[in-house]
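> Just a sequence and a predicted model for now, questions to come.
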Amino acid sequence: MNDAPLPPSSPVPDLPQGLADDLELIAEMTADFALSRDIEESLRVGLKLIAERMEAEAASLFLMDGDSGELVCRACCGPADVTGLRLPKGDGIVWRAVLRNRPQLVRDTALDPDFTQKVDDATGFTTRTVLCAPMSVRDECLGAIELFNKRGNLAFDDDDRRILQALAASAALALINARQAAAMAEREAFRRELALAFDIQRAMLPPSRPADFPIHGINRPARGVSGDFFDVVELPDGRIAFTIADVSGKGMNAALLMAKTASLFRCLSKRLDGPGALLTAIDSELAETGSAGMFVTMVAGILEPATGRVVLANAGHETPLLLCGDTVRRIEGGMPPLGIDPALFADGCPESEIELGGQTLVLFTDGLTEARGEDGEMLGGEGVEELLLRHRALPPPARMAAVVDAIAPKGAALRDDMTMVLVEERKAALDRQFPARPESLCDIRRAVSAAVSALGCGQDMAGDVVLAVDEACQNIIRHAYGGGDGDIRVRVERACGDLVVRLNDSAPPVDCARLLPRPLDEVRPGGLGLHFIRSVMDRVEFLTSPDGVGNLLQMSRRIDPR
């Protein structure tokens, strides 16, 4: 092994004192800019250090004003304070440095055609020599640093020009970084404010009600906050006020107007009698303090749960729908939107009266009608009706969720805010779960008989319905469960003048296409099955089970009181 000593390393040459001082100043300013929380204060301090190092009698720092396009003095040092001085585009040596994006060295201002005496005349300062460097990073120029009069009656030189150019570039980079950091902080603050606004909006929506409550709603914002809302207010006399509304526009302005409208509804619905008077009062408030060009479409209603009577008023909103079985009726009529012109409501707002009688009143915003279906086409009115009828067997909350899922499956983003309200008077005379065993049939027959009689069915009809339910339950016990354990949920209710019976099991799904009645000559005594059920009931159909498990058989028949 060669153990010869290594030759001594060459000594690092000392930098010239002036260059070392310049590099130290650049490093110090860069560190100050990087750590500063007040970048403009750091620029003022940095400008003073630059003026001292460059031996300038005075110095100014100009930044570009994005709104006016002028250069504005944001910091200065020396005998005259010109902070706030504005230079129109093209005016003076500073603008020349910015427009050319190159330092400008003027050894004698008397010989420079761009030098102007205006500032000297105003301040009493005499400018003999100028050194100006643009604050730029690549092609982005933010402003300029300008030095005046080197002490000792000297002129700035090329070395000064190079140093100032490096210092100005460092200041520009620091300013860009600071502005980006401020923008990020502002976006984060806005995100937090948006999240807070979302929480406030969620808190303003009515709480979930029990399944047997007559009014249910859903609100799904397309973005963080929504311009849609709905509300339900239980009044002291037992009636229930409800509304759905859509504010024009998007973003925070729409959300604020929504919050105001929702507050007005909640307050005024407890004081005013009738939805027409309520909408007229809200219109007056919005027209007085509303934002120009913004308006609100709104439907308000009052439900009397004891009678199923609904009084409805519409101000420019989507046409409400009344569903009865597989038929749909539109509730036409109404006024223009709220907040446009109070003179439009000078004669009040007309009202419509509806007797629910087991029907379902559906209110929704244009986020539903303008949504895209599976084919990519806008749903429109007919598409909405088809979607509502497709899921009519589901309970209200599940029905609304199914409609939203059909538009935005698996939580996909919505194109627009979507809100829906269902109002229905569907009081079940019987809603009970029985064990799927033969010994339960007697209890089922007894419960169904009492329920159909309570709903106004005559004795003959009651007997037919009980036999049909008994036959259907036997089929479920024998064929669906195959004699195994299980349950049958029996629900009997009145809807649109019909008696509706629903039998829901949790057995494996059956193939409805194969459930055909056998030829009559093959039917054994006591085994009429579907033949008998279809002869007794007006309508027999298999629907989608509410929870997606098992089978749902729905049978209906027009109520005959005889």
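That came through, no problem. Residues are numbered from 1 along each chain as shown.
> Enumerate the positions of stretch 365-384 that are buried.
By 16 or more other C-beta atoms under 10 Å, the buried positions in stretch 365-384 come out as Thr365, Asp366, Gly367, Leu368, Thr369, Ala371, Leu379, Gly383, Val384. Where you see a C-beta, it was placed from the backbone N, CA and C, and this is true even at glycine.
> Quick one: end-to-end distance for it.
Criterion C-alpha to C-alpha, to the nearest Å; first-to-last residue distance in stretch 365-384 is 11 Å.
> please begin residue numbering at 10 from this point
With 10 as the first residue, the last one maps to stretch 374-393.
> Can you list the neighbours in contact with that stretch?
Stretch 374-393 has contacts (C-beta atoms under 8 Å, 6 or more residues apart in numbering) with 229, 231, 237, 253, 255, 306, 326-328, 330, 339, 373, 396, 412, 415-417, 423-429.
> same check, this time on stretch 307-319
With C-beta under 8 Å, 6+ apart, stretch 307-319 has contacts from 223-224, 244, 247-255, 270, 274, 278, 283-284, 287-288, 291, 320-326, 329, 346-347, 362-367, 370, 372, 432, 434.
> Measure how far it is from the centre of its chain, please.
Averaging C-alpha positions (C-alpha atoms, centre = their mean, to the nearest Å) puts stretch 307-319 29 Å from its chain's average.
> ok so, going back, out of the contacts of stretch 307-319, which are inside helices?
Mapping the contacts of stretch 307-319 onto helices (DSSP state H) picks out Thr270, Phe274, Pro284, Leu287, Leu288, Ile291.
> Just the element for Cys82, please.
In this structure, Cys82 is located in strand 80-86 according to DSSP states H and E.
> helices and strands around the helix or strand just after that strand, which ones?
Downstream of strand 80-86, the next assigned helix or strand under DSSP H and E is strand 95-96. Counting contacts by 3 or more C-beta pairs under 8 Å, 6 or more residues apart in numbering; DSSP states H and E, strand 95-96 packs against strand 80-86.
> Walk me through which strands the strand it packs on pairs with, and which way each runs.
strand 65-73 (antiparallel), strand 95-96 (antiparallel) (DSSP bridges).
> so for the longest one, what's the average pLDDT?
Spelled out, it's strand 65-73. Averaging pLDDT along strand 65-73 gives 93.
> got it, and stretch 481-493?
Per-residue scores along stretch 481-493 average to 90.
> What are the buried residues along it?
Going by neighbour count (16+ other C-beta under 10 Å), the buried part of stretch 481-493 is Ala481, Cys482, Asn484, Ile485, Ile486, Ala489, Tyr490.
> Show me which of these is closest to Cys505.
Ala481 (21.6 Å; C-beta to C-beta).
> I figured the closest one hits Leu561, correct?
No. Applying C-beta atoms under 8 Å, one finds Ala481 not in contact with Leu561, separated by 11.6 Å.
> Identify the contacts common to the two.
Leu512.
> Could you list the domains of this structure?
26-191, 215-433, 437-567 (automatic domain parsing).
> now these as CSV including distance to Ala198?
Listed next are those as CSV, based on distance: least, C-beta to C-beta, whole Å:
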stretch, distance to Ala198
domain 26-191, 10
domain 215-433, 13
domain 437-567, 43
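> and Arg211, how far is that from Glu434?
Here the criterion is C-beta to C-beta, to the nearest Å. By it, Arg211 lies 28 Å from Glu434.
> between these two, which one's more packed in?
Comparing Arg211 with Glu434 by other C-beta atoms under 10 Å, the one with more neighbours is Glu434, at 23 against 12.
> picking up where we left off before, now that we have the ones in helices among the contacts of stretch 307-319, which one has the most neighbours?
When neighbours are counted by other C-beta under 10 Å, Leu288 leads the ones in helices among the contacts of stretch 307-319 with 31 neighbours.
> That one against Leu321, yeah?
No. Using C-beta under 8 Å, Leu288 makes no contact with Leu321, being 10.4 Å away.
> would Cys466 count as being in a strand?
No. Counting by DSSP: H, G, I helix; E, B strand; the rest coil, Cys466 falls outside a strand, being coil.
> surely it meets Val509?
No. Cys466 is beyond contact range of Val509, at 11.8 Å (criterion: C-beta under 8 Å).
> so where's the stretch 410-559 of the chain shaky on pLDDT?
Filtered on pLDDT under 70, the stretch 410-559 of the chain yields the residue ranges 420-422, 435, 521-537, 556.
> Do a quick rundown of the strands in it.
427-433, 437-444, 496-504, 507-514, 548-552 (DSSP state E, counting those that start in this stretch).
> Sheet partners, orientation included, of the last one?
Translated: strand 548-552. Strand pairing (DSSP bridges) places strand 548-552 next to strand 560-567 (antiparallel).
> The chain: helices as residue ranges?
Using DSSP H, helices in the chain cover 26-44, 48-62, 101-109, 127-132, 167-213, 260-277, 284-298, 375-378, 389-399, 405-416, 450-463, 468-484, 539-545.
> out of those helices, which comes closest to Asp121?
Per C-beta to C-beta, nearest to Asp121 of those: helix 101-109, 6.7 Å.
> The closest one - contacts with which helices or strands?
Partner elements for helix 101-109 (3+ C-beta pairs under 8 Å, 6+ apart): strand 65-73, strand 80-86, strand 113-115, strand 139-146, strand 149-159.
> any idea how far it is from the chain center?
47 Å.
> For it, which outside residues touch it?
By C-beta under 8 Å, 6+ apart, the list of residues contacting helix 101-109 reads 69, 71, 73, 80, 96, 98-99, 112-113, 115, 121, 123-125, 139, 141-143, 150, 152-153, 155.
> Please indicate which of those residues are buried?
69, 71, 73, 80, 96, 112-113, 115, 121, 123-124, 139, 141-143, 150, 152-153, 155.
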